[in-house]
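Participant: Provide a 3D model corresponding to the input given below.
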Amino acid sequence: MEIGTKPSSHTSNSLAGLIALVTGAGSGIGQATARALAAEGAWVITTELPDRLERAEATVAAIQAAGGEALSLVLDVRDLASVTGCVAAAARAGQGRLDILVNNAGINVRQPAFDVTEEAWDLVLDTNLKGLFFTAQAAGRLMRDQEPCGGSIINVASTMGLVGYYDRAAYCASKAGVVNVSRALAIEWAANAIRVNAVCPAFVETPLTRGLFENEAIKRDILERTPVGRLVAPEEVAAAVVFLAGPSARMITGAALTIDGGWTAI
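Facilitator: From the prediction side, this is the model:
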């Protein structure tokens, strides 16, 4: 399927006609972000792992039902061939352009630091940091070489990349890496009109985290650390991504925007 070049029917929206790629778009933050970008007029390419592709397709169906344009592609960010193939397919679908990348695909394995295994460490770092970097690199090369050059890359980090938390040594390390690699890319790629930012949400209520919050002690601890007293909604992270992707943020690059209800202010 090829994405058309005609402007979106949402011509008043800030992202009309832009091509966006959202990784891990089958649920949670990724799904909310894909839908929010489409609502602002972007043509959205959603990705998921091969065994989860139907979830990305469900996101596409929801976007299309709302009058937007989208398609789905398979992507495993841990596999460099998959990364390069996916970005190439996205470029073909977008007729040579990619304007927005949202690096959302991620994973966590909860283990006390004394018990972290090499397998778990590698899985988390390969997905959250290595995979994110090489996806940004592939998309960044496309944004550099297209005419006119430029684009916006938003990396989904976490408040756990700014502060620590229990049972998340690998996750905290990976997300801290996301924050700082975003700064490094922002500096290097500014000359190519490519902006790179990170968003750092606190705990977000999604189907994947719901089981965690069934533990009343954990949920109470999280809420007590959050001045506003509630969890983050996926749509609130999506709104921040849309802002950073759009023209109102054209002077913002290298930022780590917290969406945490005050968690990191304490």
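
Participant: can we go C-alpha only for contacts and neighbour counts from here?
Facilitator: Fine.

Participant: which stretches of this protein form strands?
Facilitator: Secondary structure of the chain (DSSP state E): strands at 19-22, 43-48, 69-74, 100-103, 151-156, 194-201, 256-259.

Participant: Packed most tightly, which of these would that be?
Facilitator: Neighbour counts (mean count of other C-alpha atoms under 10 Å) averaged over each of those peak at strand 43-48, with a mean of 30.

Participant: Show me what that one is packed against.
Facilitator: On a contact count with 3 or more C-alpha pairs under 8 Å, 6 or more residues apart in numbering; DSSP states H and E, strand 43-48 meets strand 19-22, helix 28-39, helix 53-65, strand 69-74.

Participant: change it to 10 Å
Facilitator: strand 19-22, helix 28-39, helix 53-65, strand 69-74, helix 80-93, strand 100-103 (3 or more C-alpha pairs under 10 Å, 6 or more residues apart in numbering; DSSP states H and E).

Participant: I'd like those written out as TSV, with mean pLDDT added.
Facilitator: Shown next, in TSV, are those (pLDDT from 0 to 100):
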stretch	mean pLDDT
strand 19-22	98
helix 28-39	98
helix 53-65	98
strand 69-74	98
helix 80-93	98
strand 100-103	98
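
Participant: Tabulate the ones you listed (a markdown table), appending distance to Leu162.
Facilitator: Shown next, in a markdown table, are the helices and strands packed on strand 43-48 (distance: least, C-alpha to C-alpha, whole Å):
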| stretch | distance to Leu162 |
| --- | --- |
| strand 19-22 | 23 |
| helix 28-39 | 19 |
| helix 53-65 | 30 |
| strand 69-74 | 31 |
| helix 80-93 | 27 |
| strand 100-103 | 18 |
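
Participant: just so I know, which of these lies nearest Ala240?
Facilitator: Closest approach to Ala240 among the helices and strands packed on strand 43-48 (C-alpha to C-alpha): helix 28-39, 9.2 Å.

Participant: Quick one: work out the angle between that closest one and strand 69-74.
Facilitator: 150 degrees (axes from the mean of the first three to the mean of the last three C-alpha atoms, to 10 degrees).

Participant: Could you figure out how far helix 28-39 is turned away from strand 43-48?
Facilitator: Orientation of helix 28-39 against strand 43-48 (the same axes, to 10 degrees) gives an angle of 160 degrees.

Participant: and the angle from helix 28-39 to helix 53-65?
Facilitator: Per the same axes, to 10 degrees, the angle that helix 28-39 makes with helix 53-65 is 30 degrees.

Participant: Between strand 194-201 and helix 28-39, find me the angle.
Facilitator: 130 degrees.

Participant: Keeping just the C-alphas, turn helix 28-39 into CSV.
Facilitator: The C-alpha trace of helix 28-39 is given here as CSV (Å, rounded to 0.1, in the frame of the first residue of the first chain):
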residue,chain,number,x,y,z
GLY,A,28,-0.5,1.9,25.1
ILE,A,29,1.6,4.9,24.4
GLY,A,30,2.3,3.9,20.8
GLN,A,31,-1.3,3.3,19.9
ALA,A,32,-2.4,6.6,21.5
THR,A,33,0.4,8.5,19.8
ALA,A,34,-0.4,7.0,16.3
ARG,A,35,-4.0,8.0,16.7
ALA,A,36,-3.1,11.5,18.0
LEU,A,37,-0.7,12.1,15.1
ALA,A,38,-3.4,11.0,12.6
ALA,A,39,-5.9,13.3,14.2
